[in-house]
Structure formats: structure tokens, C-alpha cells
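K.L.:
How does the following fold in three dimensions:
(chains A, B, C and D)
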There are 4 protein chains.
Amino acid sequence: MTQDSDEQAESAWWSTAIIEMEPGIIRYRGYPIEELIGKASFAQTIWLLLRGELPSDDQAALLDIALMSAVDHGPQAPSIAIARMAASCGVGLNNAMASGVNALGDVHGGAGEQALAFYQQIAARIDEGAPLEGATATVLDSFMASGTTYLPGFGHRFHPVDPRAPRLLEMVDHYAEKGAVTGRFAAIARCLEAVLARRKGKAIPMNIDGATAVIYGELGFPAPLARGLFCLSRSVGILAHAWEETQSGRRNKGPLPRERLWRYDGPAKRPLP
Amino acid sequence: MTQDSDEQAESAWWSTAIIEMEPGIIRYRGYPIEELIGKASFAQTIWLLLRGELPSDDQAALLDIALMSAVDHGPQAPSIAIARMAASCGVGLNNAMASGVNALGDVHGGAGEQALAFYQQIAARIDEGAPLEGATATVLDSFMASGTTYLPGFGHRFHPVDPRAPRLLEMVDHYAEKGAVTGRFAAIARCLEAVLARRKGKAIPMNIDGATAVIYGELGFPAPLARGLFCLSRSVGILAHAWEETQSGRRNKGPLPRERLWRYDGPAKRPLP
Amino acid sequence: MTQDSDEQAESAWWSTAIIEMEPGIIRYRGYPIEELIGKASFAQTIWLLLRGELPSDDQAALLDIALMSAVDHGPQAPSIAIARMAASCGVGLNNAMASGVNALGDVHGGAGEQALAFYQQIAARIDEGAPLEGATATVLDSFMASGTTYLPGFGHRFHPVDPRAPRLLEMVDHYAEKGAVTGRFAAIARCLEAVLARRKGKAIPMNIDGATAVIYGELGFPAPLARGLFCLSRSVGILAHAWEETQSGRRNKGPLPRERLWRYDGPAKRPLP
Amino acid sequence: MTQDSDEQAESAWWSTAIIEMEPGIIRYRGYPIEELIGKASFAQTIWLLLRGELPSDDQAALLDIALMSAVDHGPQAPSIAIARMAASCGVGLNNAMASGVNALGDVHGGAGEQALAFYQQIAARIDEGAPLEGATATVLDSFMASGTTYLPGFGHRFHPVDPRAPRLLEMVDHYAEKGAVTGRFAAIARCLEAVLARRKGKAIPMNIDGATAVIYGELGFPAPLARGLFCLSRSVGILAHAWEETQSGRRNKGPLPRERLWRYDGPAKRPLP
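P.N.:
Numbers count the residues shown, from 1 in each chain, chains lettered A, B, ... in the order given. Model (predicted):
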């Protein structure tokens, strides 16, 4: 390296291992982009940028499945409603998308991350020698002791059974049989489901967040990336709904006419002091 | 300037006339911050940063009035609804604010800018010698010729008479009598209101956007800053509603329960091809 | 439909053809989600939500290629820099993603949409009977007459030749030979490239936006969705960089230290009036 | 209340005490808007919406001071840099503002909230009978025990002495002498400053966040609103810089040319597996 390069190394503000660029050259994690095009799928490229290496075909297939499964849940999801409202306000499609994604916080969008963190705690105990059921019960106990009334990844305000979860677990089973994943997170999640049902006296089935968290756990993603990948996935529905609203010709679409939307419960009319 | 400074001047990426900083030194448009504190009000500081000089006390008072008048319009305004929804999703207060402001696009938030641009077109014709009514009619004609059904700044989907507009125009009259503003934009807007009423056969009264546009025009702001200042103003209501929602303890608040919110009008259930 | 449903149809605020939901039921464009999982890829699901029908395997493959090709261009792209900065400010991963996507406006992110609109104008003239070269020259002329100095989709501030474009066009050729697309947009874009080179006296090669616009045009997407899909694609790099910055432990990362970042060119120090 | 109203009360989705609206009627916390215009300043209106009642003139004056003092800190602040970059990308002024505010998270923007929470802990101990110095030392000890290296509100990466803080504390003293505030938070913050200096062996002076936190504490705002009000304040600088960038004619302004901006430290060029 020349002295110039040393000075650049010292003075450069960001450092990244993701992308290398020179005029005419783009490499993702060392792979020239023109070699990736036509060989690496979108799912493989997502994995490469996030993890640093290319995944196997089976790993990419399972990631692709997780991504497509959470793309939309209709306008009662705040992210979708916000995107439609923003689109009706005349902002650009990218702005409507950004507004929707911005809402995917801890409460709406964070459940997958929380569920995966939960599974990872159970897995850690198993690695220390605890049996599956014991580890599950212990971690569940200390989580519930904090006063939470619900477990992220299980139950659903709208669906008695979330239609996405059983099918996703079938996919995990399929890839576990192929040896592409171990199946350990599927086992943990199913155990959780059983323990919950016993304790509550009724089924509290896995939902989309609990199921995609299984997949992201099987694939070795850290918990915060479960949220990042959910955002990527939900961006599709956000875009579709924003686009549809744009095409509808409606202007300035608030959520509902005033009288059905909100009531006032503050002070009655009064004069200034 | 030393050679270092010259090199800095060449290599600096942004240049700004707004703020100058050295360790221990902050100056806004040349004024040390510690001299502004306690002497320049929030409205005067807003003016200084945007326009480059301090306003007179009367100009600052009129700006302060315009800013306080548009702070909120309830959850039927998309910006407010979006902020409440985002707040219920567990994002930070700044994120809920950003989500609300992001929606203030051409349709919801742009009317003040459009109204001011409209007034400025009429003013330009008057400066070329046209009489007030003639200039107003001509510009209105060419605007309507484009096929628009409504004039930004006039009429309101909800209020037969927007309670904010008459009072704001009274304020402009007050400051015009003091000689702080000319009153020319108030005259233009009132003329527009009269011409509209005559043509439509019914009153289409000025609304908040048309009235604040009068103020911003009187104060010499360019039209796009009418939108920027509306965003500043509406940020207050956005913050208040986001905060109130945060305190309510509600989670994951979509705009309404599904059955009242949306209906499906796509293809019926069908099998994959 | 029962009377209840009629009342719901009247009172429902949004209507959508994208998703249908009942407790336990989720259907995208009529297809039950549990049937799509494991059969429809992420790219096919993106197509389904945006277009209303499932694409062929070849169409999905070409869409997948377009999506993976634009995921990242390093921290000199404002969307990436903004995402890294936001991540260093302690906001959630979704907020950093939203901040990055929000910047993909007309100038940074809009070029694909503009290029596709341009190709579509040329295609419309060809449909009216004009020859390829003539249509290209005519549309180019009227575009340049507006005073623009550059054509969206061609040339690049950084790359003499954008390494992504030739490879993407090879992919289009491949799928045209298979009969999956017509190749008409590739022909239009190549013709543009040739005409530009002749007029400028030097090569102005197609860039990533011009090349992905070819693909989106071949696949029949309307121009605004070229931007939406670019946002989806770029969201991957935005997420990757935001995540990497989060892991770096750096706090409050402005883009550069002050002395290299900006210079002040406003009024010198002065006393208050 | 009629049966209709009861049904509305049941079915209304949001409830708010901030604003009441009927056609032709807008009331903020019970006060008709047309009575507030011309009587309530912007600062008083901000207080009214956030707190529910109008403040005294002195309270409003002190709030106004806190708001104007934090409006800008130059493009090295991520919020300002992001706003300038977004503005150069062709997004609307509201979108550039939103992008800047979105970055005001825990690290950049959260310090005021954290400082106020800190002061409130000390105040709580004093209310239980502890002396000022003892309470200060105790709370400081347990905060530092968590491993943090810096105290929010004190010290500054750029300014040896933040020029805004001493002047703001003078303002608090002034209003304490008038009896408008107690001065208890000023005393707490000064005590903290003294204890820090003693322990570190050098001055760690109060910064803008520590000083505005004193004001917001004196005025009785809850800690999270210290952040909300900082966002309102910083929105002014964000708007000013976005507007200035818009007027500069620069396009697609990334933070710096690549070679000074980032360096790559990932894998060297390699072939696909």
C-alpha cells in the first residue's frame, strides 16, 4: 500500500466489509457483481450482504420462503394503513414505503425479533445440558414473571389459527429431513406451544412471527435481523398497497370520517383565563 | 486565510450561510448564540435561520400567529392519524413525529404553498399594471382551465366556514394598520373569495391554508417555505397526539377494526395454476 | 350478500383487491397463503401482489435478477449514508431503513422510473409506425430540448462503464431467446446508447437504472413501479449497512468531521441590532 | 347524550382530550381557536396542546427560550446532514424534514430526555429527605456503575464549553428570581457539574441538552417530552438547512467523494463457489 492509501485508511470515515468499489468495479463481499448476476438469486444476495458468505441452495430456499410469507396482512396492520394514507397525500412511492416501514417498531414488527431471542435463550440452556421441556418451562416462567400477558410469536388478535404458521413449520421439517437445518428451533417452538396450551387450558398457536422466527433461527440469523428481514418482507405489501391507493384517485385519505373515528373527552368549551 | 483554510475551502463538501462554528463558538447568521438567547424569540430565530436577518417585532408577532394557528386538526388529518398509529407501534416519539410530517405532501400540507404561489401570480400581474379584480380573474381562469375542481386555500371538506381564517385576516388587517405589512395579499385573497362566490353562486370561504398563505405572503416568504412552516406548525399537534397515544397504553393501533375498515374487491378464492 | 355485508360495503373506508382476510383465512389475490407457501417464490409473490396474477417461471427469474442487481452501491449513495448515520443515532433498524428509503426521490432512485418512461415513449411511437432509430432520435430530441444535460439511465458519475449493465442486458437477451420476453426494450435502450454515443462523440453507456428499466419494461411494469421495485431492492443494502453500523459500536456518526465537511460563507460576526 | 352519541362513544376508535371539532368549530382543550389566535403565542399553544392548560407568561417565555436555543448545530449533526442529503435527492421539503427528525433517537436527541430523567431521580431523593450533594452523588454513582463513560447533559465532543449552557442557566436564574420557577433543577444540575469536575479532575461543563433539560424540568415537563420538544426545536434548523440545500442547485449530494469517505475491509476479490 502506498502512503496515499495509508492516509486514506486513516482518514476514511466509514469502514465496511460489504461492498468494494472502484470505477468500473463493484464487488459484494469480494464477489464481482457481474459474476453474481444470473448466478446468485435475490435471496442468496440478501444473505450474502447480511452474513458475508453465500448460502447453500437449501438455505436460500428457506430464506425465500420466510420472506414471501409475511409480505402483507391488510390495512388493519398499521404499516399498511400508514402507507395507504401517505400515498393518498401525494407523497412519492418511496416516501409512502418509508412511512410504512417506519412504523414497524417493537410492537408491530418486533415480535419476530423477540420470539427468536426467546428461542435462543431456551437453546442456550439446552446447550448447557437442560432438557428441552425443562429449558422451555424455565425461560417461559421468568419471561411471564415480568408481568407480560402474551408471548411474542404465539396467539393472534385476529386469527384463531394463523394459516401461515403450520405450513411454514412443514417447510422447516422438509429442510430438516434434507439435513439443511437441524430442526432444533422448530422443536423449541413446538414445545413452547404445548407448554402454553397446557398452562392456559386452551391452544395459543404459533403465529407468523413465531414461525418465521423459527426459520431465521434455523438459518442462524441474530434476533435483530429477524426484524430487519420482516421489514424487507413487509415492504412488499407496503409497496403494493401504496401503489393501489395511488391508482385509486382518492385524495387526502384520512382513516375515517370524523364521527366514527374519534371522540373528544377533554374539557368542555371555556373562555380564556 | 492560510493555505490550510484555502484547501479546506476547496475540499469542504457543503457550504452554508446559516451557522458558523468553532469550539466554544456558535453563531447563527453572524449573531453569537449567547447573545440571541433571551433577546430573540423562537419566531425571530425561525425567521433568522430561514431568511438570514432578524425580523421586526411586528413581523415576528405575525409569524408567531401563523405558526400557532395550524398546529392541529384532529385525527382525521392523515398526519395526525399516522402519528397516533406509529406511536401505538412502540417507535420513539421522534419517529412518530417524523412519520406524521412525512405525510405532509402536495395533497395534505401543500395547499398553503399552492395558495401562496397563486397569490404571487396575481401580485405579479398587478405589478405589471393590471387592476386587482382583473388580475385575479385572469389567473383564476387559467388555473381553472387546467381542469381543477377546487382552489387551494378556499373551501373545506369539513367546515362551512373555517373558524381560523376570519380571525387570521383580522390579525393581518391589524398589522397592516400598524404599517408592518402592506395588506396586499389580504386584498388579493379577499378578492379571490369574492370572485369565487360570484362564479359559484355560493360562498367558498378562505380556509387555514389560504389565510396562513396570506400571512406568509405579507411577510415575504417564498411559496415552498409556506409548506415548510406549515410542517413546523403541524409538528406540534403531531407531537401532542403521539404523546397522548403513548400515554393511553394502547398497542398496535390500526386505524379501525377490519370489518369497518376495508372491503375486498379482488378475485374470489381460486387454486394455484 | 346479506344486508350487513351491503352496509359494510357502503361504510368500508378502503377497498383493496390485494388481500382478503377472515379469521383463519388469508388470501393474496384469491390464492390461499398456505398454498402459496412452498410454491410461490419471493419474486413470484412480489409480482402477484403488484400485478394481480402469478408470473411465469421465466418472468419471475428475470424479476429476481433485476432485484438482486441494485441492492447496494456503497456509502456514497445518500440512501446508504443516511441509513448508516441513522443507525449510529440509536434508532431501530426499521427506522434506519425507513430513513434510507425516504431519500430515494426523483434524483436518487427516480432514474429507473424516468428511463422506463422514456423507453415507453419511444415504444409508443414505434407502435404508431415509426422506425426504431427515428423514434429514438425524436424522443431524445424533445427530451434534450427541455435543457437537461443528462439522460436518465445512461452515463455514471463514478463508473466509466457500470459493471452491472452489460451483464443485465445479457440476461435479457437470454430470456428473449427463450421467448419469455420480446427484447423490444433492450433494442430501444441499445439504440439510445448508440445515438447518444454518436451525438456526444464518446460512449455514454447504460447504467444500472437504464438496465433495470429495460427489464421492468420487458416484464410490463408501469414506470412508477420501476421506482418502487428499486426501493425494494435498495432496501437490502440499506438494511445491511445499517446493521453493520449498529455492530460497529460507533455513536452519533455524522458524515465527517467538521473541518472537512462544511465551510461557512455567511455574514461575519456581528452584534444584534 | 342521545343514543346516537352513546353509540358513537362506543364505536369511536381514538379518544383525545386535545381537540374538539364540529363543522365550523375547533377548540383546543376547550378554548375556541378563534379566541386563541392573537392571544396565545406559539409557545403558549405548544404548552396548551402538550399539557392541557395555558401557561403563565413567564412559563411561556422560558419555554420559548429553550425552544430557540437548540434549533441548529450544523451539518456535523446527523439530523442536519441527513436533511441536506435528502433535500439534494429531490424529495419534498416535508420529506427532508421527516428524514432529519427520524434520526433524533436515543443517541442523537435523546440526551435531553436522559438528563432530565437523571435530574428527576435526584429530585426524588431530595424529596425523601436527602441533602442535595448526597442525592447527587448517590444517583451519579449508580449511573456510572452501569459502565457508562459519559453523563448525558455534560461534556461535549466539540465544545470545551458549550456557549449555550451558561446563558440558559442565567435565564433560569432570572425567572427563579421572579418566582416563576423554583430553581431546584438548576441547583441539581450545577451540583452535578461540580461533583463531576471534582471526580474527573477537570471541568465537564453542562451542554445544551443538560441546560434545556434544566428548563424543561423547572417547567414540569415529563422527561420524554424533553425529547419531543428538542425535536420541535431542531426541526427549525433541519428545515433551514434543507431549504438552503434545495436552493443550491446541487444534485444527489452524498456526504463525500468515495476515496475520502469509506474504506473497504472485507474479503479480497474471489470467485464464486
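K.L.:
what residues does the stretch 101-250 of chain A put near chain D?
P.N.:
Where the stretch 101-250 of chain A comes near chain D, counting by CB under 8 Å from any CB of the partner chain, the residues are A:Asn102. (Glycine included, C-beta is placed from N, CA and C.)
K.L.:
most centrally placed residue in chain A?
P.N.:
For chain A, the residue nearest the mean C-alpha position is A:Phe230 (2.1 Å; CA atoms, centre = their mean).
K.L.:
what residue ranges in the stretch 151-273 of chain A score low on pLDDT?
P.N.:
For the stretch 151-273 of chain A, the stretches with pLDDT under 70 are A:250-261.
K.L.:
Break down it into its strands, ranges please.
P.N.:
Here the stretch 151-273 of chain A has its strands, by DSSP state E, counting those that start in this stretch, at A:262-264.
K.L.:
Can you get me a residue count around the residue nearest to A:Ile46 when sequence neighbours are not counted?
P.N.:
Spatial nearest neighbour of A:Ile46, chain neighbours left out: C:Val236 (5.3 Å); criterion: CB to CB, 6 or more residues apart in numbering or on different chains. Neighbours of C:Val236 under the rule other CB atoms under 10 Å in any protein chain shown: 26.
K.L.:
Kindly report the same for A:Gln114.
P.N.:
The burial count for A:Gln114: 21, using other CB under 10 Å.
K.L.:
do the helix or strand where it lies and chain B meet?
P.N.:
Using DSSP states H and E, A:Gln114 sits in helix A:111-127. No. Helix A:111-127 is not in contact with chain B by CB under 8 Å from any CB; minimum separation 9.5 Å.
K.L.:
between the next helix or strand after that helix and helix A:111-127, how big is the angle?
P.N.:
Next along the chain after helix A:111-127, taking DSSP H and E as the criterion, comes helix A:132-145. With axes from the mean of the first three to the mean of the last three CA atoms, to 10 degrees defining the directions, helix A:132-145 sits at 130 degrees from helix A:111-127.
K.L.:
Only alpha carbons, please: show helix A:132-145 as PDB.
P.N.:
Extracted C-alpha coordinates of helix A:132-145, given in PDB (Å, rounded to 0.1, in the frame of the first residue of the first chain):
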ATOM      1  CA  LEU A 132     -36.000 -29.400  26.100                       C
ATOM      2  CA  GLU A 133     -39.100 -29.200  28.300                       C
ATOM      3  CA  GLY A 134     -37.300 -28.100  31.300                       C
ATOM      4  CA  ALA A 135     -35.400 -25.300  29.500                       C
ATOM      5  CA  THR A 136     -38.700 -24.200  27.900                       C
ATOM      6  CA  ALA A 137     -40.600 -24.100  31.100                       C
ATOM      7  CA  THR A 138     -37.800 -22.200  33.000                       C
ATOM      8  CA  VAL A 139     -37.400 -19.500  30.300                       C
ATOM      9  CA  LEU A 140     -41.100 -19.100  30.000                       C
ATOM     10  CA  ASP A 141     -41.500 -18.800  33.700                       C
ATOM     11  CA  SER A 142     -39.000 -15.900  34.000                       C
ATOM     12  CA  PHE A 143     -40.500 -14.200  31.000                       C
ATOM     13  CA  MET A 144     -44.000 -14.400  32.400                       C
ATOM     14  CA  ALA A 145     -42.800 -13.200  35.800                       C
END
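K.L.:
For the helix holding A:Gln114, give the mean pLDDT please.
P.N.:
Helix A:111-127 comes out with an average pLDDT of 96.
K.L.:
wait, does that helix contact chain C?
P.N.:
No. Helix A:111-127 is not in contact with chain C by CB under 8 Å from any CB; minimum separation 8.7 Å.
K.L.:
can you map out the helices along the stretch 51-200 of chain A?
P.N.:
A:57-69, A:78-87, A:93-102, A:111-127, A:132-145, A:164-177, A:184-200 (DSSP state H, counting those that start in this stretch).
K.L.:
Counting neighbours, show which residues of stretch A:112-131 come out buried.
P.N.:
A:112-123, A:125-126, A:130 (16 or more other CB atoms under 10 Å in any protein chain shown).
K.L.:
of all those residues, which two lie farthest apart?
P.N.:
Taking CB to CB as the measure, those span a maximum distance of 24.5 Å, between A:Gly112 and A:Ala130.
K.L.:
can you list the weak-confidence ranges in the stretch 1-150 of chain A?
P.N.:
A:1-12.
K.L.:
Please repeat the previous calculation with a cut-off of 50.
P.N.:
The stretch 1-150 of chain A contains residues with pLDDT under 50 at A:1-10.
K.L.:
Tell me the one of the buried residues of stretch A:112-131 nearest B:Ile19?
P.N.:
A:Glu113 (38.6 Å).
K.L.:
Close to chain C: what parts of the stretch 51-200 of chain A are there?
P.N.:
Checking the stretch 51-200 of chain A against chain C by CB under 8 Å from any CB, the hits are A:64-65, A:67-69, A:71-75, A:84, A:92-95, A:97-99, A:101-106, A:109, A:158-161, A:163-164, A:166-168, A:170-171, A:174.
K.L.:
Among the residues you listed, name the buried ones.
P.N.:
Counted by 16+ other CB under 10 Å, these give A:64-65, A:67-69, A:71-75, A:84, A:92-95, A:97-99, A:101-106, A:109, A:158-159, A:163-164, A:167-168, A:171, A:174 as buried.
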